[in-house]
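Q: Quick check, what structure comes out for this input:
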Amino acid sequence: MSEEEVIQYLLSTPDFFIRNSDVLESLTLPHPVSGNVVSLLEYQVSVLQKSTAGYRSQFERLVDVARENESTMQKSRRLILAGLNCESLDDFSMVVGDMVRDDFQVPYHSLILFGDVTDSSVRTHNLVNEGSDLSHTSGFTECFCGILPANEMNYLFSDDADQIHSVAVLPLLSRSGGEVKKCGVLVLGDKTPTAFSKDKGSLFLQYLADLLSAILLRLLK
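A: Below is the predicted model of the structure:
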């Protein structure tokens, strides 16, 4: 009789060891760690403990994800409500500053609008100029994490540029009618290289960029 046949027989006859308790009592198995011989019951307890530990670890990961999702939802809610109350581009700039500082604890950020924007103290930049100081940064239509060329870092962050070792670029775009129009950019900066590393996902950053773009477009009309 093969091992597979034995397994199938025991599975189809769950009361076998109840009816043959003397066989059960004589069974011994090596401990999975120490290698010492233990009873079947001890072995089962050991397997169950490992299984329980695995489930506990998985449950804790799910709890962490749930907490992170709740935090993301709350941050998004605050941003949307604050954005609805914006009446000017200066209000928008204040909302961005509060979000970066209070919700994300990011030490550096630079908000720049493209084109001629009047009646606002928000920094602007003309993309038409050749050899633009933001030629690399302005080229993104999706969020980017990593580091930018030195000249653009200096343009964005001035004297703080040397303190920043990773950035996240959030393009502020209009996609009306299927045409992409670059309206501005928000660049977040951090002192640690891993804060916005390339191997990290940018799904939430893209979601954030879309929200900010929607708020900005309402004010630019």
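Q: how about the helices in the chain?
A: For the chain, helices defined by DSSP state H occupy the ranges 3-12, 16-19, 21-26, 40-84, 89-98, 150-157, 203-220.
Q: Just the CA trace of the fifth one, in CSV.
A: The C-alpha coordinates for helix 89-98 follow below in CSV (Å, rounded to 0.1, in the frame of the first residue of the first chain):
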residue,chain,number,x,y,z
LEU,A,89,-4.9,80.4,-5.1
ASP,A,90,-3.4,81.8,-1.9
ASP,A,91,-6.0,79.7,0.0
PHE,A,92,-4.9,76.7,-2.0
SER,A,93,-1.3,77.3,-1.1
MET,A,94,-2.2,77.5,2.6
VAL,A,95,-4.2,74.2,2.3
VAL,A,96,-1.2,72.5,0.7
GLY,A,97,1.2,73.8,3.4
ASP,A,98,-1.1,72.7,6.2
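Q: Now that helix: buried residues?
A: 89, 91-93, 95-96 (16 or more other CB atoms under 10 Å). Quick note: C-beta positions are derived from backbone N, CA and C, even for glycine.
Q: now, which of these sits nearest Asp116?
A: Taking CB to CB as the measure, Asp116 lies nearest Leu89 of the buried residues of helix 89-98, at 12.5 Å.
Q: Isn't that closest one up against Arg123?
A: No: the pair Leu89 and Arg123 does not pass the contact test of CB atoms under 8 Å, sitting 10.6 Å apart.
Q: Quick check: neighbours shared by these two?
A: Taking CB atoms under 8 Å, 6 or more residues apart in numbering as the criterion, Leu89 and Arg123 both touch Leu113.
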